[in-house]
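> sharing a sequence plus its predicted fold:
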Amino acid sequence: MQQVETLILGAGPTGLGAAWRLNELGNTDWVLLESAATPGGMASSEKDPAGFIWDLGGHVIHSHFPYFDAVLNTVREWQHPRRSGWIWLGGTFVPTPIQRHLGALPDERGSAVVAELAALSNQPANNLYDYFVATFGPTLTNVFFSPFNDKMWAHSAKLIDHAWTSLRSGSGAANIPAPAPTLISENRPDDTSQFPYPRFGTGAMWAEIAARIPAERQRYRTTVAHVDLERRVAHTTSGEEFAFDQCISSIPLRRLLDSMVDDSHLQARAGDLLHSSVHAVGFGYEGKIPPQLVGVSWIYSPEPGTPFYRSTVLSNYSPAIAGPGRWSILHEVGTSAHHPVDTTTVVTRCREAMKDWAVAGAPVSVWHRYLPFGYPVPFLRRDELLHPILCRLEAHGVRSRGRFGGWRYESCNQDHAFMQGVEAVDANMTGSPERTFWAERPQPLASAASV
């Protein structure tokens with residue numbers, strides 16, 4: 001059995017943030033375990049046999065933290081594409097955000113939305129669907145907001161809380177901008193600002209960051225099978241044992257709880273945490289990109305006939321993603337028990353849907369990955385369930401943080417996730433507060449050890 005002061009589970013942004021901070025502090029009493037062969041977690045990338053690079057989803061790099069800015073400055077090669085988001089609706093492209101481009105809505109629906117906005121009153125919202133109706137009126141809710149969110153989360157908006165709408169933003173704009181009650185607007189997205197993107201994909205960025213941390217303390221292809229919470233020991237599938245004083249885990253909380261075979265109470269709670277899964281489907285092409293997609297960064301697709309909820313033209317982020325004379329596009333299809341998807345037809349359906357965008361000819365590359373964990377759903381009463389679970393883990397030295405480790409969508413951008421790892425180390429070492437993960441979190445439970 002190996003004894004360490006700090007055990008890090010997962011080499012995604014949170015785990016690498018923890019390792020980076022420990023190394024920065026000169027602490028050598030730690031080890032990082034990662035089941036995959038490479039770092040990055042959900043922010044990693046893959047190169048297919050044809051040479052196309054695929055991110056595991058359409059990621060944009062944001063930073064709200066000077067500390068993370070300094071880490072990004074150690075990464076060498078960047079592109080700076082412009083945001084250009086569109087919505088495919090009724091056979092036409094509508095600029096984003098849709099609520100500020102009502103004149104572009106098909107079938108003269110914009111006039112109905114403008115009339116509804118003028119008649120809105122302050123109605124209480126019990127869920128995300130109610131929030132959309134109270135904020136944008138029933139027409140825009142049913143045309144875009146409700147169907148899009150149902151596809152993205154793979155759960156009904158009526159099962160989702162709306163508090164996150166005021167807490168999370170990936171750009172300088174409001175997370176969900178207020179509507180503009182007019183039919184007059186420019187035919188271009190509101191936000192066309194530049195953003196940094198690693199030349200060879202987000203995975204290359206995280207690999208470069210990981211390379212600046214001692215390699216001898218990073219263990220890849222090492223899967224944790226069981227965590228003994230009382231003894232503070234992690235057991236791997238290969239039979240190794242790691243005893244820890246403190247553990248910073250970013251593996252999906254459901255999997256962490258499932259691994260606690262000696263704690264049936266925590267195991268029973270794992271299934272209550274709602275999440276989506278994602279089919280990531282990429283197509284690589286030779287030749288020029290279709291005119292409709294030139295300069296486009298991403299496209300939202302709310303209509304049920306289109307399988308994907310979002311498409312990212314990755315080669316517009318960085319030409320190196322596809323290579324000279326080629327272009328590529330990545331689709332994301334949400335799925336869950338509430339929103340099943342036929343795995344056998346999902347690739348074909350994605351390719352057929354692109355015909356509406358004048359995408360013709362056979363792709364030279366088709367890439368498909370099923371991601372069991374796509375989005376942690378901010379479901380109703382989530383925090384009431386989540387807080388006691390986290391307190392129980394923390395009472396035994398385990399801080400579960402990150403996109404799926406902390407299960408808080410509103411603080412799971414890559415910068416947030418990295419800083420959660422940094423702040424978890426500082427909290428363990430000095431007792432300093434964790435400001436990024438859950439700023440308004442209730443006080444720890446007095447009886448956490450027995451929750």
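All right, it came through fine.

> which of the helices and strands in the protein ranks last by mean pLDDT?
The least trusted helix or strand in the chain, going by mean pLDDT, DSSP states H and E, turns out to be helix 264-270, with a mean of 84.

> who does that one touch, helix- and strand-wise?
If you count contacts as 3 or more C-beta pairs under 8 Å, 6 or more residues apart in numbering; DSSP states H and E, helix 264-270 packs onto helix 253-258, helix 382-394. For every residue, glycine as well, the C-beta is placed using N, CA and C.

> for the stretch 201-350 of the chain, what spans make up the helices?
Taking DSSP state H, counting those that start in this stretch as the test, the helices found in the stretch 201-350 of the chain are 202-210, 253-258, 264-270, 314-317, 346-353.

> redo these as TSV? Include mean neighbour count and distance to residue 137.
Shown next, in TSV, are the helices of the stretch 201-350 of the chain (neighbours: other C-beta atoms under 10 Å; distance: least, C-beta to C-beta, whole Å):
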stretch	mean neighbour count	distance to residue 137
helix 202-210	23	37
helix 253-258	22	36
helix 264-270	15	38
helix 314-317	25	33
helix 346-353	18	28
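
> got the helices and strands packed on helix 264-270 as a markdown table, with distance to residue 315 and mean pLDDT columns?
Putting the helices and strands packed on helix 264-270 into a markdown table (distance: least, C-beta to C-beta, whole Å; pLDDT from 0 to 100) gives the following:
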| stretch | distance to residue 315 | mean pLDDT |
| --- | --- | --- |
| helix 253-258 | 34 | 94 |
| helix 382-394 | 37 | 94 |
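
> can I get these in CSV including distance to residue 12?
Formatted as CSV, these follow (distance: least, C-beta to C-beta, whole Å):
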stretch, distance to residue 12
helix 253-258, 13
helix 382-394, 18
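
> ok, which of those comes nearest residue 362?
Residue 362 lies closest, by C-beta to C-beta, to one member of those: helix 253-258, at 38.4 Å.

> report the distance from the closest one to the chain centre.
From the chain centre to the centre of helix 253-258 is a distance of 18 Å (C-alpha atoms, centre = their mean, to the nearest Å).

> name the residues that touch it?
Applying C-beta atoms under 8 Å, 6 or more residues apart in numbering, the contact partners of helix 253-258 are 9, 227, 249, 266-267, 269-271, 273, 275, 389, 393, 398, 400, 404-407.

> do stretch 147-165 as well
Under C-beta under 8 Å, 6+ apart, the answer for stretch 147-165 is 125, 127-132, 145-146, 175-176, 274, 276-277, 300-304, 308-310, 334-336, 338-339, 374-375, 377-382, 409-410.

> could you list the domains of this protein?
Domain assignment for the chain by automatic domain parsing gives 2-43+202-274+379-450, 85-166, 277-371.

> for residue 143, give me its contacts.
Contacts for residue 143 (C-beta under 8 Å, 6+ apart) come out as 89, 105, 109, 302.

> and those, which of them are in helices?
The helices, defined by DSSP state H, take in residue 109 from the contacts of residue 143.

> filter the contacts of residue 143 to the buried ones?
Buried subset of those (neighbour count, 16 or more other C-beta atoms under 10 Å): 89, 105, 109, 302.

> just those: which are in strands?
Secondary structure defined by DSSP state E assigns residue 89 of these to strands.

> and which of the buried ones among the contacts of residue 143 is nearest to residue 68?
Relative to residue 68, the closest of these is residue 302; by C-beta to C-beta it sits at 32.3 Å.

> would you agree that closest one is in contact with residue 140?
No. Using C-beta atoms under 8 Å, residue 302 makes no contact with residue 140, being 10.7 Å away.

> quick one on the thing from earlier: ok, which of the domains of the chain comes nearest residue 74?
Closest approach to residue 74 among the domains of the chain (C-beta to C-beta): domain 2-43+202-274+379-450, 6.2 Å.

> mind listing what's buried along the longest helix along the chain?
Taking DSSP H as the criterion, the chain has its longest helix at helix 414-430. Of all the residues in helix 414-430, those buried under the rule 16+ other C-beta under 10 Å are 414-425, 427-428.

> counting only strands, which of the contacts of stretch 147-165 make the cut?
Among the contacts of stretch 147-165, DSSP E puts 277, 300, 310, 334-335 in strands.

> tell me which two in these are the farthest apart.
By the measure C-beta to C-beta, 277 and 300 form the most distant pair in the ones in strands among the contacts of stretch 147-165, at 19.1 Å.
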